[in-house]
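Participant: Here is the input, now give the coordinates:
(one chain, ligands or ions: 1)
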Amino acid sequence: MKKILVMNGPNLNLLGTREPEKYGDKTLADVEALCSEMANKHHYAVDFFQSNHEGELIEKIHEAGKLFKAGELKGVVFNPGAYTHTSIALHDAIAGVGGLPVIEVHISNVYAREAFRHQSYVSPVAVGVLAGFGISGYGMAIEALISRP
Ligand code: CA2
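Facilitator: Model (predicted):
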């Protein structure tokens, strides 16, 4: 079965434990279950990965690039957390693997928050961006990825 990689960056392992007013009360395990259900419905499998380390996220993108080229991966749904707003290295990793479709997801509407969250280094190398739909955004991103030719 072809795969979709769902990646989450720093602090998203804390989902559902604090700040429910910003990020809701669902946990990362709930996000994984939602993603698997959505993907399985369309006969795709999900590889789910979270890291608090920029280098590990970069290495996972490199690995995803290889799997995409081999025809084993449809693409990536990626919530880069705060690295969205800081990481030229993640931008370069996505650009560097060439052609890997990445959909950027944010649980909160980053454009309705602090100005420093309005800049994304990932958006210019993403095929699309979803923000502000809570964890449902992950499901929407999976459907968007699958509907791509
Ligand atoms: O809205 C999003 O999904 C964000 O990517 C979440 C990041 C934030 O830095 C981005 O600007 C927007 C923060 C993730 C931290 O998640 C926590 C969840 C619960 C409790 C504490 C942190």
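Participant: List the buried residues for the helix or strand bottoming out on mean pLDDT in the chain?
Facilitator: Scoring the helices and strands of the chain by mean pLDDT, DSSP states H and E places helix 20-23 at the bottom, with a mean of 94. Neighbour-count burial for helix 20-23 flags residue 23 (criterion: 16 or more other CB atoms under 10 Å). C-beta: built from backbone N, CA, C; applies to glycine.
Participant: what's that helix in contact with?
Facilitator: Helix 20-23 is contacted by residues 15-16, 107-108 when judged by CB atoms under 8 Å, 6 or more residues apart in numbering.
Participant: how does it look with 10 Å?
Facilitator: The contact list for helix 20-23, computed with CB atoms under 10 Å, 6 or more residues apart in numbering, reads 11-12, 14-17, 26, 106-108, 113, 134-135.
Participant: ok, it near the ligand or not?
Facilitator: Yes: using CB under 6 Å from any ligand atom, helix 20-23 comes into contact with the ligand via residue 23.
Participant: After that helix, which helix or strand is next? Please name it.
Facilitator: Using DSSP states H and E, the helix or strand that follows helix 20-23 in sequence is helix 28-41.
Participant: So which other helices or strands are in contact with the helix or strand that that next one is followed by?
Facilitator: Counting by DSSP H and E, the element after helix 28-41 in chain order, helix or strand, is strand 45-50. On a contact count with 3 or more CB pairs under 10 Å, 6 or more residues apart in numbering; DSSP states H and E, strand 45-50 meets strand 3-8, helix 28-41, helix 54-69, strand 73-79.
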